[in-house]
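Enquirer: Let's see this in three dimensions:
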Amino acid sequence: MPWTGVAIFSVAMVAGQTVGGLLVDRLGAGPAGPQRLTPTRVAGAGLALAAAFIAAVDHVDQLSDLRSLSLVLLPTAAGVGIAWQQAVNGRIGEAAGPTAAVFVSFLAGSAALLLAIIVAVSARGGPTGSLPSQPWPYLGGLIGVVIIAIGVAVVPHVGVLLLTLGMIAGQLAGAIALDIVALRAGAGPTTLWTLVGASLSLLAVLATAFRGTAADPRPARSAT
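Expert: Numbers count the residues shown, from 1 in each chain. Below you'll find the model as predicted:
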């Protein structure tokens with residue numbers, strides 16, 4: 001993120017999640033089975049991408065060099081991976097229940113973080129400074145459990161794409177709410193582009209939900 005900034009990083013992540021959601025649903029990797037590429041689903045995905053770009057339009061200048069532009073591919077690939085994770089979590093939840101899906105996700109995530117910490121400490125030494133005094137940083141794990149559990153419960157009914165678009169709309173709405181709180185604390189106001197982007201993201205959810213979960217007439221295939 002130091003080379004792309006948070007806004008551009010978020011746009012790339014949204015792009016990966018949206019395109020990944022379309023592909024994963026089309027392949028039938030999730031428990032909802034194969035989903036046709038209907039005009040409403042494609043339009044909804046396009047609106048979500050437009051919403052993300054518009055919300056971050058004030059930060060396009062952060063892509064000032066080739067290095068920043070190439071690094072955008074990393075969060076895009078991560079977004080595709082998140083879409084696939086939603087499908088796999090749904091499959092695990094369908095087979096063994098939501099608790100098992102949450103446990104597997106956090107077990108894999110904890111193992112990856114532990115490996116990253118070992119590599120970082122070996123290369124740069126131990127961390128310096130003190131732990132944060134605010135309670136908010138320590139709530140991430142609990143919030144993550146709730147998010148995964150909701151995803152596992154919802155994805156069999158709506159598919160990966162609509163779940164992803166709903167989460168994106170929620171993130172933008174939450175960002176605006178946080179901006180309002182920050183404004184009261186003396187921070188800068190929410191920009192018009194952010195409000196337009198959030199409105200488009202909600203429209204993307206409605207467009208996709210409008211006959212957007214029609215299953216493919218072919219038998220659903222198991223994820224491999």
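Enquirer: quick one: least confident helix or strand in this protein?
Expert: Scoring the helices and strands of the chain by mean pLDDT, DSSP states H and E places helix 66-71 at the bottom, with a mean of 59.
Enquirer: Could you verify that residue 33 is part of a strand?
Expert: No. If the criterion is DSSP: H, G, I helix; E, B strand; the rest coil, then residue 33 is coil and not within a strand.
Enquirer: Kindly provide the whole-number mean pLDDT of the helix ranked longest in the chain.
Expert: Assignment by DSSP state H gives helix 140-184 as the longest helix of the chain. What helix 140-184 shows for mean pLDDT is 82.
Enquirer: what do you get for stretch 41-58?
Expert: 78.
Enquirer: Run through who's touching that stretch.
Expert: The contact list for stretch 41-58 (Cβ atoms under 8 Å, 6 or more residues apart in numbering) reads 7-8, 10-11, 14-15, 18-19, 21-22, 25, 35, 161-162, 164-165, 168, 172, 191, 193-194, 196-201, 203-205, 207-209, 212. The way it works is simple: take the backbone N, C-alpha and C, and place the C-beta from them, glycine included.
Enquirer: ok now that stretch, how far from the chain's centre?
Expert: Using Cα atoms, centre = their mean, to the nearest Å, the mean C-alpha position of stretch 41-58 is found 13 Å from that of the whole chain.
Enquirer: buried set for that stretch?
Expert: Residues of stretch 41-58 classed as buried by neighbour count (16 or more other Cβ atoms under 10 Å): 41, 43-45, 47-57.
Enquirer: Quick one: the strands in this protein, in order.
Expert: Remark: no strands are assigned in the chain by DSSP state E.
Enquirer: tally of neighbours for the residue nearest to residue 153 when sequence neighbours are not counted?
Expert: Of all residues not flanking residue 153 in the chain, residue 98 sits nearest, at 6.1 Å (Cβ to Cβ, 6 or more residues apart in numbering). Neighbour count of residue 98, defined by other Cβ atoms under 10 Å: 18.
Enquirer: Same check on the one 10 residues further on?
Expert: Other residues within reach of residue 108, judged by other Cβ under 10 Å, total 11.
Enquirer: Just name whatever secondary elements the longest helix of the chain is in contact with.
Expert: In terms of contacts (3 or more Cβ pairs under 8 Å, 6 or more residues apart in numbering; DSSP states H and E), helix 140-184 is packed against helix 5-27, helix 39-55, helix 73-96, helix 98-124, helix 192-209.
Enquirer: Quick one: distance of that helix to the chain centre.
Expert: Distance, centroid of helix 140-184 to centroid of chain: 8 Å (Cα atoms, centre = their mean).
Enquirer: Next, the angle helix 5-27 makes with that helix.
Expert: Relative orientation of helix 140-184 and helix 5-27, computed by axes from the mean of the first three to the mean of the last three Cα atoms, to 10 degrees: 130 degrees.
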